[in-house]
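**Student:** predicted model follows, preceded by the sequence.
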Amino acid sequence: MAYSLHRRFIQLQVRALVLLGQRQRALGKVDELLDLNASDPHALATRAHLLAEMGDKAGAQQNLRRLVAAQPDQPAAWFNLGYLCEEMGQLEEAEAAFRRATELDPKLDRAWYGLGLSLIRQRRFDDAMEALRKNTELQPMSPYGWYQLARVHVDRQEPDEAAKIIRHLRKFEPKVAAQLERETGLGQAQA
């Protein structure tokens, strides 16, 4: 009982310090939580988040690796690891983490999107298209997956397919459609 009250009190302190913008002090309190339980998933995730906010991507990545080792069935942890790896240019590791996230939760749209981005950066356009199609199925009104899918079609020398996406985007995201037209040189994609 005393242990759980002490732990809960530290958790509240972490939240308050984060709200006050005192990330370094919050990090110290998270370390206290990890002294109590080195594999505490909430503390590991919070520590990774704080480190990433403070610009220490390598430290954040290390904590996320500890988190997925402790909690291998948590899709959000795998997504966050994939995101950091992709940001750090570790594309194969990002791909593996995003794939694990989508295996654990096939409806995790942002993991499909991240997988698509990491595959694009590896110039694996066929695989990227598959991931981005899944993302757009799960989030049909979000322009991000559609935008990247159109870019992949352009990279694959398929301007007609990209133009179809631009026409589709024009129905609900005309600014994104116009941006794609400018960037791809496809001009005003005809209906």
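**Tutor:** Thanks, I have the structure now.
**Student:** who does the helix ranked longest in the chain touch, helix- and strand-wise?
**Tutor:** The residue-count maximum for a helix in the chain (DSSP state H) belongs to helix 2-19. When contacts are defined as 3 or more C-beta pairs under 8 Å, 6 or more residues apart in numbering; DSSP states H and E, helix 2-19 packs onto helix 23-36, helix 41-53. Yep, even glycine has a C-beta here, placed from its N, CA and C like the rest.
**Student:** buried stuff in the next helix or strand after the last one?
**Tutor:** Moving toward the C-terminus from helix 41-53, the first helix or strand encountered (DSSP states H and E) is helix 57-70. Of the residues in helix 57-70, those with enough neighbours to count as buried (16 or more other C-beta atoms under 10 Å) are 59-68.
**Student:** so what's the nearest residue to residue 109 once chain neighbours are set aside up against?
**Tutor:** Ranked by C-beta to C-beta, 6 or more residues apart in numbering and with sequence neighbours excluded, the top spatial neighbour of residue 109 is residue 138, at 3.9 Å. Going by C-beta atoms under 8 Å, 6 or more residues apart in numbering, residue 138 touches 107, 109, 112.
**Student:** any idea how far residue 138 is from residue 178?
**Tutor:** According to C-beta to C-beta, to the nearest Å, residue 138 and residue 178 sit 25 Å apart.
**Student:** how about the helices and strands packed on helix 2-19 in TSV, adding mean pLDDT and distance to residue 78?
**Tutor:** Compiled in TSV, these are given as follows (pLDDT from 0 to 100; distance: least, C-beta to C-beta, whole Å):
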stretch	mean pLDDT	distance to residue 78
helix 23-36	91	20
helix 41-53	94	12
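**Student:** what about this structure, any weak spots by pLDDT?
**Tutor:** 1-3, 188-191 (pLDDT under 70).
**Student:** 50 instead?
**Tutor:** Within the chain, the segments meeting pLDDT under 50 span 190-191.
**Student:** what residue lies at the spatial centre of it?
**Tutor:** residue 83 (4.3 Å; C-alpha atoms, centre = their mean).
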